[in-house]
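Engineer: Take a look and give me a structure for this.
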Amino acid sequence: MQAKIYLARDSSGREVCVKVFKNNVDKDQMNSVEEEYRVSRILADCPNIVNVYSFQRQKQIKIEGRLEIKDFLILEYASNSDLFEFLTKWVQRQNKQGLV
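Structural biologist: This next block holds a predicted model:
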């Protein structure tokens, strides 16, 4: 699914990620995103899962200075990068220590 992720601040000032979906996403894909959001609400208290704060359908959002109508998710900002980068660094450390 095509989307672009932006770093932003919410109304309380905390850093969040905003995942903005392209307009050409089909209905089934958006239903999958909505289901993912519902599941994330169930798992919201798990410390190992990024929180999804909200899912907005066809709402106004300011992107790079322009107001647009888009579907988007507002997610917890993971300041220590993504899982792939974390695992890459972890394996490199393990290799240096002769553990892998």
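
Engineer: In the chain, where is pLDDT below threshold?
Structural biologist: Along the chain, the parts satisfying pLDDT under 70 run over 1, 99-100.

Engineer: Walking through this protein, point out its strands one by one.
Structural biologist: In the chain, the segments counted as strands under DSSP state E are 3-9, 15-21, 52-63, 66-76.

Engineer: Name the residues of the last one that are buried.
Structural biologist: Yep, that's strand 66-76 we're talking about. Buried residues in strand 66-76, counted by 16 or more other C-beta atoms under 10 Å: Lys70, Asp71, Phe72, Leu73, Ile74, Leu75, Glu76. Heads up, the C-betas are built off the backbone N, CA and C, glycines and all.

Engineer: in its sheet, what does it sit against?
Structural biologist: Strand 66-76 pairs in its sheet with strand 15-21 (antiparallel), strand 52-63 (antiparallel), by DSSP bridges.

Engineer: Let me know the angle separating the shortest one from strand 3-9.
Structural biologist: For strand 15-21 against strand 3-9, the angle by axes from the mean of the first three to the mean of the last three C-alpha atoms, to 10 degrees is 150 degrees.

Engineer: How far off centre is strand 15-21?
Structural biologist: Centroid separation for strand 15-21 versus its chain: 6 Å, with C-alpha atoms, centre = their mean, to the nearest Å.

Engineer: If you count neighbours, what's buried in it?
Structural biologist: Within strand 15-21, the residues scored as buried using 16+ other C-beta under 10 Å are Val16, Cys17, Val18, Lys19, Val20, Phe21.

Engineer: I figured the fifth one hits Val33, correct?
Structural biologist: Spelled out, that is Val20. No: at 11.6 Å, Val20 does not count as touching Val33 under the criterion of C-beta atoms under 8 Å.
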